Structure formats: C-alpha cells, structure tokens
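Engineer: My questions concern the predicted model and sequence given below.
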Amino acid sequence: MFSPKSRAALVVILSLLAGAILGIVADRTVLAHLGRRPPDPRRAGEHFARMLEHRLDLTDEQKREVEAIIQRHADANETIFRETQPRIRAQMEATDREIEALLTTEQKTKFAELVRERNAHHLPPPPPH
C-alpha cells in the first residue's frame, strides 16, 4: 500500500504529532503572558493535520490516514490537557504571587486587574471538582 519511504515518513510525522500536542499544552503559559489567546487543545489535531497536508503535500489517502490517526489519539490528548491544565494554572498563580510581592500598593491594584483580564480572556475556566 505505502512504499517504505512513505511509511518511514508517516512514522516520523506521528512522532512529531505527539510532541506538537504536548508542546501546545506547555506553550499555553507563555501565550497567556504575551496576551495572545492560546489555541483550543481540542482543535490542535485539526490544525496539525492541515499543516501537514500543506507542508508535506499529502496524498488524499495520506490525509485520510493522518486524520484517522489524530482522531484515534484525540481522547488521550484531551485527557493529558485536562490533567496538566490545573498544574499550569497553579504555576501561573504562584508566579503572580511572587510578582505581586514586589509591587507597591498602587501597582498591586493595577496588576490584579491585568491578571483578571488575562484569566478572563486567555485561560480556560478551571476544571470542575
């Protein structure tokens, strides 16, 4: 069905996919601090599939197989995101507390507003308990 070169390329792509998904989750902290909305982790696979399609000029069959592979792993990727997101949020809160400790009373008021804006616009809500 696939040549050995195509199979090898697909294995490399799949390895990169796992790293890309985890990288997106880790990158959320940086994006939030830069004021950019992070990508929805549930859609990361779709974005990755489109990027592969365009950059690797995948055949129609390769596109279907890549999409199927991404779909097969979607639930596990979502689980990883849900498990790590609270840790990322906790880390951001610890960072905020350390920064706040350095600020004057006036700066603390402004900082608190900036943090509220960041959290309202750039972070998903905390998971239900």
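Structural biologist: Cool, got the structure.

Engineer: going forward, measure contacts and count neighbours with C-alpha atoms only.
Structural biologist: Noted.

Engineer: So, low pLDDT: which residues of the protein?
Structural biologist: Scanning the chain for pLDDT under 70 picks out the ranges 1, 14, 17-42, 122-129.

Engineer: Show me which residues of stretch 82-90 are buried.
Structural biologist: Q85, I88, R89 (16 or more other C-alpha atoms under 10 Å).

Engineer: For T105, the count of nearby residues, please.
Structural biologist: If you count neighbours by other C-alpha atoms under 10 Å, T105 ends up with 11.

Engineer: Next SSE downstream of the helix or strand hosting A44?
Structural biologist: Taking DSSP states H and E as the definition, A44 sits inside helix 44-56. Downstream of helix 44-56, the first helix or strand assigned by DSSP H and E is helix 60-102.

Engineer: Quick check: next helix or strand after that following helix?
Structural biologist: Next along from helix 60-102, by DSSP H and E: helix 105-122.

Engineer: How many residues are close by H73?
Structural biologist: 13.

Engineer: Against E46, how distant is it?
Structural biologist: Distance, H73 to E46, using C-alpha to C-alpha, to the nearest Å: 12 Å.

Engineer: again, but for T95
Structural biologist: 32 Å.

Engineer: give me the number of residues near A9?
Structural biologist: When counting by other C-alpha under 10 Å, one arrives at 13 neighbours for A9.

Engineer: tell me which element it is part of?
Structural biologist: Using DSSP H and E, A9 maps to helix 4-34.

Engineer: Give the residue farthest from the middle of the protein.
Structural biologist: T105 (34.6 Å; C-alpha atoms, centre = their mean).
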